[in-house]
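Novice: What follows is a predicted structure for the sequence shown.
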Amino acid sequence: MPRPIFAACALLGALSFAGRAAAEEPVTITVQGEARPDGELPNEPFVASSRVKRERLAGPALRAQDVLRSELGVQISESGALGAPATASIRAASAAQTPVYLGGVRLNDQLGGAADLSTVPVWLIDHVDVYRGNAPLEADDLGIGGAIFFEPRQPRRLEAAAGSSVGSFGTRAGFGYVAGGNERLHLLGGVSAERAENDYSFADDRGTLFQPGDDARRQRSNADSRLFDAWLLGRARPSQHVRLELVANSVSREQGAPRLALVPSDAARAEFSRSLGALTARFALGHTRQQRLTLRTTFLDSDQQLHDPELELGLLTSETRVQGRRSEQHASLSLPLTGTLEATGAADVGFENLKRVDAAEQVSASAATVRAAAKLEWQPLKGFALRGLLASECRSLQQSEQACAELEPVGRVGLGLAGRGYTLYANLARYQRQPTLGELYGAGIVVRGNAGLRRELGLSADVGARGSLALGPRLSVNGEVGAFERRARDLVAYARTAQGYVVPLNVGAARVSGLELGVGAAALGHVSAACNLTLLDARDTSEGRRLRNDLLPFTSRLVLAPRVSVTTGSLRARSLESADFTLDLTYLSNRFADAAGLIVIPEQATLGVSAGAHWLSGSLLTRARLANALDVARFDVVGYPLPGRSLYVSAEVYAN
């Protein structure tokens, strides 16, 4: 672990003291009573959370996983460059236990339960909300580790934009959108396209890890990717009491399907397409408008096809197609019962279907789910609140004779105290994850189903505090600290049978403890810095386990992410309006790649450099981004090397 990283974070934590010492006169501390601490989300102020704002989402060839990598509690697994699958986990929960939403639509598929972040375009996302351990009532899946919400922009004025970018390894991309309307109706439509050859080189050890003499440099083959993305966003206000919101997105991708780096494929190809939509109606009821009714209809339709004419991927079939569909209806009603007591009730009804077809067999499964939830908030004193959330769901499977065989109540109880510039919180929660249709009825020839799978269950507790402080008009600091512990049982794991295929079983149990610390500062209106530190102790506590190692695989015990940004502010010049420069570093400690702890993924520190300039009153924006500036060797999944040093540049034109 490089010591300078620790030193930088320690320096950031002491910025307030340095600011006072450097002043010619004593600095008077002033606290802003209305401002809330960074990372506090309006609908759930008393849970561990963070928000990635719009300015951090802009950048050439920037992907969702790049944005989330430095967030507290989040760890990313990916298998390549642009277009390669990537998943997120929160607080050492699996990707299947971490629901991801785009415009209110859950993206987790019914095959393995994970959401592929590489299919989330960020060019039209307004912000990303990360809930660690406690998801809001709006989530139809509370998540054992938390939840991630990607929220698209809501158009509010006449505007248009277009841009293009180029970069390393044959990367090319472009986008454009136009928006218009009036005070009652506004629509935005946009499209983007990108492609990359992904022919970067990597170190091939030829399968002899401890004999560096035979290592060689090779280029990745059959790893290219092409993607097309389309958006339609709408906002209507028929009356002062009614607001309608529309989100529609369609994405399609065609790419090579590489195997492990040591055994590359030549002809295997993969196709993916997804369409989603969400229509939300919000009603303010009564004369005071304090009663709020929300109705949302969502749908998701995905199609994955795998072409393997030379049987390079070991799936025993040359053609595989997986189709998944989900439709859901959500309704929630918030009622202030008294001046200090508010209740919110919610109901969700969902239908999902999975169909898998290959040369040998066809699997079809469907399920219907009904979920009811209620939240009660009591504020007996100003700034102090008690919150309780209780939910339960009934799931009926078409292949099962029993409907709603078991009901597992889940939810949380918590308390919070909000003062002038600070928030304290504590929560105790119980969660579940239903087995996916793929886990129940099979995901392929070599991955069989198990209709007897039980749901995964988890208990968690966390405490934390966040705050912000203004040290005069030119210096402010903010911070958050939290500790948690989670215990889970009946975790789904895969076991190999004597016949050569694998079957999912409820065999696992785990205990995860952690500490999260984030600090930030802004000075002089031109400099800002932040540093996130995550410490994890994730242990396998399964009964009867025979392995000496009990650390969970693919989990770094230390993640450190410092970030420094400098901006010129408004220059009031005719040509150059403003410029900015950012350095960010993400350090991950070593990880085990197997349950026995025999394969170790080494520690890695990845430095990113980005710069941007606004020209001609902001109508022209140019950006450059240098990823993995130190060109370190990176591996997130064993056998899949990640790209080295990469340079991307872009130009964007805006008209308002």
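Specialist: Received the coordinates, thanks. Predicted model, so just to flag it, every value in this text is computed and none were measured. Numbering: from 1, shown residues only.

Novice: quick one, helices of the protein?
Specialist: 3-13, 15-22, 64-68, 437-441 (DSSP state H).

Novice: Lowest average pLDDT across these?
Specialist: Among these, helix 15-22 carries the lowest mean pLDDT, at a mean of 36.

Novice: Can you list the residue ranges for strands in the stretch 101-250 of the chain?
Specialist: 105-106, 125-132, 146-152, 159-167, 171-181, 185-196, 201-204, 216-219, 225-239, 242-256 (DSSP state E, counting those that start in this stretch).

Novice: got the buried residues for the fourth one?
Specialist: Okay, so that is strand 159-167. For strand 159-167, the neighbour count (16 or more other C-beta atoms under 10 Å) marks 161, 163, 164, 165, 166, 167 as buried. All C-beta spots, glycine's among them, are computed from the backbone N, C-alpha and C.

Novice: And for stretch 364-378?
Specialist: So for stretch 364-378, counting by 16+ other C-beta under 10 Å, buried means 365, 366, 367, 369, 371, 373, 374, 375, 376, 377, 378.

Novice: and it, how far out from the chain's middle?
Specialist: Distance of stretch 364-378 from the chain centroid (C-alpha atoms, centre = their mean, to the nearest Å) equals 22 Å.

Novice: distance of the spatially most central residue of the chain from residue 458?
Specialist: Central residue of the chain (C-alpha atoms, centre = their mean): residue 148, 4.7 Å from the mean position. For residue 148, the distance to residue 458 equals 17 Å [C-beta to C-beta, to the nearest Å].

Novice: repeat for residue 629
Specialist: From residue 629 to residue 458 the distance is 39 Å (C-beta to C-beta).

Novice: Of those two, give the one with the bigger neighbour count.
Specialist: Per other C-beta atoms under 10 Å, whichever of residue 629 and residue 458 has more neighbours is residue 458, with 25 against 17.

Novice: you'd agree that one is up against residue 432?
Specialist: Yes. Residue 458 is in contact with residue 432 according to C-beta atoms under 8 Å; the separation is 7.3 Å.

Novice: okay, and the common contacts of those two?
Specialist: Counting by C-beta atoms under 8 Å, 6 or more residues apart in numbering, the common neighbours of residue 458 and residue 432 are residue 144.

Novice: how near is residue 292 to residue 421?
Specialist: From residue 292 to residue 421 the distance is 28 Å (C-beta to C-beta).

Novice: What ranges in this structure fall below the confidence cut-off?
Specialist: 1-35, 205-215, 259-263, 288-289, 401-406, 443-446, 496-501, 637-639 (pLDDT under 70).

Novice: Just give me the neighbour total for residue 353.
Specialist: Residue 353, neighbours per other C-beta under 10 Å, totals 17.

Novice: Kindly report the same for residue 656.
Specialist: So residue 656, with other C-beta under 10 Å, has 11 neighbours.

Novice: Spit out the contact partners of it.
Specialist: Residue 656 touches 157, 158, 159, counting by C-beta under 8 Å, 6+ apart.

Novice: hmm, 6 Å instead?
Specialist: residue 159 (C-beta atoms under 6 Å, 6 or more residues apart in numbering).

Novice: quick one on the thing from earlier: so for residue 292 and residue 421, which sits in the more crowded spot?
Specialist: The neighbour comparison of residue 292 against residue 421 (other C-beta under 10 Å) goes to residue 421, with 20 against 16.

Novice: List the beta-bridge partners for residue 331.
Specialist: residue 295, residue 347 (DSSP bridges).

Novice: unless I'm mixing things up, it is touching residue 347, no?
Specialist: Yes. In this structure, residue 331 is within contact of residue 347 by C-beta atoms under 6 Å, at 5.2 Å.

Novice: Name the residues linked to residue 538 by a beta bridge.
Specialist: With DSSP bridges as the rule, residue 538 is bridged to residue 512.

Novice: ok, it - how many residues close by?
Specialist: 21.

Novice: To what extent is the closest residue to residue 583 other than its chain neighbours buried, counted in neighbours?
Specialist: The spatial neighbour of residue 583 that comes closest, neighbours along the chain excluded (C-beta to C-beta, 6 or more residues apart in numbering), is residue 564 at 5.0 Å. A count of neighbours around residue 564, defined by other C-beta under 10 Å, yields 17.

Novice: try residue 619
Specialist: Around residue 619 there are 14 residues (other C-beta under 10 Å).

Novice: That one reaches residue 654, doesn't it?
Specialist: Yes. Between residue 619 and residue 654 a contact is recorded at 5.4 Å, counting by C-beta under 6 Å.

Novice: hang on, the earlier thing: turn the buried residues of strand 159-167 into JSON lines, columns for distance to residue 175.
Specialist: Converted to JSON lines, the buried residues of strand 159-167 look like this (distance: C-beta to C-beta, whole Å):
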{"residue": "161", "distance to residue 175": "8"}
{"residue": "163", "distance to residue 175": "6"}
{"residue": "164", "distance to residue 175": "8"}
{"residue": "165", "distance to residue 175": "9"}
{"residue": "166", "distance to residue 175": "13"}
{"residue": "167", "distance to residue 175": "15"}
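
Novice: Would you mind measuring from residue 592 to residue 548?
Specialist: From residue 592 over to residue 548 (counting by C-beta to C-beta), the distance is 12 Å.

Novice: Neighbour count: those two, which is higher?
Specialist: residue 592 (17 against 7).

Novice: Looks like that one contacts residue 553 (just checking).
Specialist: Yes. Applying C-beta under 6 Å, one finds residue 592 in contact with residue 553, separated by 4.7 Å.

Novice: who touches residue 570 in this structure?
Specialist: residue 578.

Novice: Just read off the phi/psi values of it.
Specialist: Phi and psi for residue 570, reported as degrees, to the nearest 10, are phi -70, psi 120.

Novice: How about the one 3 residues further on?
Specialist: When read as degrees, to the nearest 10, the backbone of residue 573 gives phi -100, psi 160.

Novice: All set now, cheers.
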